Every structure is written in structure tokens, then in C-alpha cells.
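1. the sequence isn't on hand, but the structure is:
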Ligand SMILES: CC(C)(COP(=O)(O)OP(=O)(O)OC[C@H]1O[C@@H](n2cnc3c(N)ncnc32)[C@H](O)[C@@H]1OP(=O)(O)O)[C@@H](O)C(=O)NCCC(=O)NCCS
């Protein structure tokens, strides 16, 4: 039986792999960008670097990490740290594109634009999450259990709201969050945000 456990140092390569294999609206994003590593350096690795205490993984029967949930408990503070400390190290490797010619340009421009208050959701729902499971673990209740595990940890720390932003085309995710009590929030074109008061 797989099990949920706290994130441990050393899990990072498995998390990066899961992120890549689920990043294309829930499906495998391998080869979409010139460098597959871009996804993880934006959507999962900064979270475990900054907040390992709010990261949990699902370990499969054979000990492999096959799913995760990561979280920034204070989105405003996290986005400032991302902009000031985390992302600048990639400036030479992945320079800011002047134009948005393709999806990679759009994702890199998003990373360069991240900063406190760039998105409004953190005002009412201070924490935000990312959750991804490899296909072998999907549809068996692990997503629900990971969210419940994170919500307990956030409540213990007195955090009163949680949000996330999904791609509008990720139909699985958009069906999943309302089943757990998240409510849809007004969102930009191409994405759907959800919030939950804790
Ligand atoms: C989206 C994801 C996290 C859901 O986790 P999961 O373990 O598959 O979902 P669960 O089995 O815990 O399902 C919980 C509830 O959501 C519903 N649900 C989950 N996936 C669904 C889907 N694809 N379509 C319809 N309903 C779905 C389940 O029916 C269940 O409802 P119920 O408990 O009321 O019966 C997981 O499938 C996943 O990682 N997908 C790929 C990556 C991804 O899209 N991540 C989210 C990016 S925003």
C-alpha cells in the first residue's frame, strides 16, 4: 500500500520528474520546452527549498516517490522571495523572452513577472498549493488525502485560507478541486483559480 510521508531532502529529483510528467494540463510535458527542467524550477523545487515543512509525498510500494503536494503558506512573502532570490539565478540560462512566441516564452515571462500581489488570490487565501500524482496513483483518493494532510498542517499554523490556479484546459483538476470543498474564483483567461477558507 502506498503511504503519505513528509518531504525529505533527496526527494527533489523525483519531484522534478513528476512535475514534468504532469505539467501539460495534467499530462506529460516532456520535450515541449527546449529544456525540460524549466517546469520544476518554477512549479515545485522553489517550494520545497523554501517550505519543506509544508511538502508531503506519496511513496509507492517499491519506495519510489510518485506524487506530491507543495505549498507556500504566505503567497506574498513567497513571491517576493521567488523574484528576489530564487529566479535570478536562472537569468543567464533562461533569459526573459522579449515576446511571447510560444508556450516556453509564456511560462518564462510568467516566472519573470511573479511578485507579491501580481495575482489577487493571496489577499483572501494566503497560502497556495501545487499537487501532482503520476498516472499510476491517480483516481485512488491520494489527491484527496494529500490535500487533507496539507490542510491539517496549515490549520495547525493558524493559516486561514488556501488557493490554487489550474490551467483552464486541465479538466481532471477542474473536476477534482470542487469535490474537496474549493470554490471557483474569478480568473484570467486560460486559468481557473480555486479558494478554500480553512
Ligand atoms: C488532479 C489530481 C491531483 C487529483 O488527484 P486524484 O488522487 O486523482 O483524485 P482523488 O482520487 O483523490 O479524487 C477526489 C475526488 O475528485 C474526483 N476526481 C478526481 N479526478 C477526477 C477527474 N479526472 N475527473 C472527474 N473527477 C475527478 C474524484 O471522483 C473524487 O470525487 P469523490 O471523492 O467525491 O468521489 C491528480 O489526478 C493529478 O495529479 N493529476 C495530474 C496532475 C494535475 O493535473 N495536477 C493538478 C494541477 S492544478
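-> Nice, I can see it. Please read all numbers here as calculations on a predicted model, not as lab measurements. Residues are numbered from 1 along each chain as shown.

2. for the residue in the chain that the ligand sits nearest to, give me its contacts.
-> Across the chain, the shortest distance to the ligand (C-beta to the nearest ligand atom) belongs to residue 143, at 2.1 Å. Just so you know, the C-beta spots here come from the backbone N, C-alpha and C atoms, and that holds for glycine as well. The neighbours of residue 143, taking C-beta atoms under 8 Å, 6 or more residues apart in numbering as the test, are 67, 131, 133, 176.

3. report pLDDT for it.
-> Looking at residue 143, its pLDDT reads 98.

4. gap between it and residue 22?
-> 11 Å (C-beta to C-beta, to the nearest Å).

5. what sits against the residue nearest the centre of the chain?
-> For the chain, residue 130 is the residue whose C-alpha lies nearest the centre (C-alpha atoms, centre = their mean; 2.4 Å). Contact partners of residue 130, counting by C-beta under 8 Å, 6+ apart, are 19, 43, 44, 47, 69, 70, 71, 164.

6. picking that back up, tabulate the contacts of residue 143 (CSV), appending secondary structure and pLDDT.
-> What follows is those, written out as CSV (DSSP: H, G, I helix; E, B strand; the rest coil; pLDDT from 0 to 100):
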residue, secondary structure, pLDDT
67, strand, 98
131, strand, 98
133, strand, 98
176, helix, 98
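
7. kindly identify which of these also come near the ligand.
-> Contacts with the ligand within the contacts of residue 143, as defined by C-beta under 6 Å from any ligand atom: 131, 133, 176.

8. the last one: neighbour count?
-> What that stands for is residue 176. 20 (other C-beta atoms under 10 Å).

9. so what's it closest to, chain neighbours aside?
-> residue 143 (6.1 Å; C-beta to C-beta, 6 or more residues apart in numbering).

10. which element is that neighbour on?
-> helix 142-156 (DSSP states H and E).

11. so how far is that helix off the chain centroid?
-> The chain centroid and the centroid of helix 142-156 are separated by 14 Å, computed with C-alpha atoms, centre = their mean, to the nearest Å.

12. buried stuff in that helix?
-> Of all the residues in helix 142-156, those buried under the rule 16 or more other C-beta atoms under 10 Å are 142, 143, 145, 146, 147, 149, 150, 151, 153, 154.

13. likewise stretch 126-142?
-> 126, 127, 128, 129, 130, 131, 132, 133, 134, 137, 138, 142.
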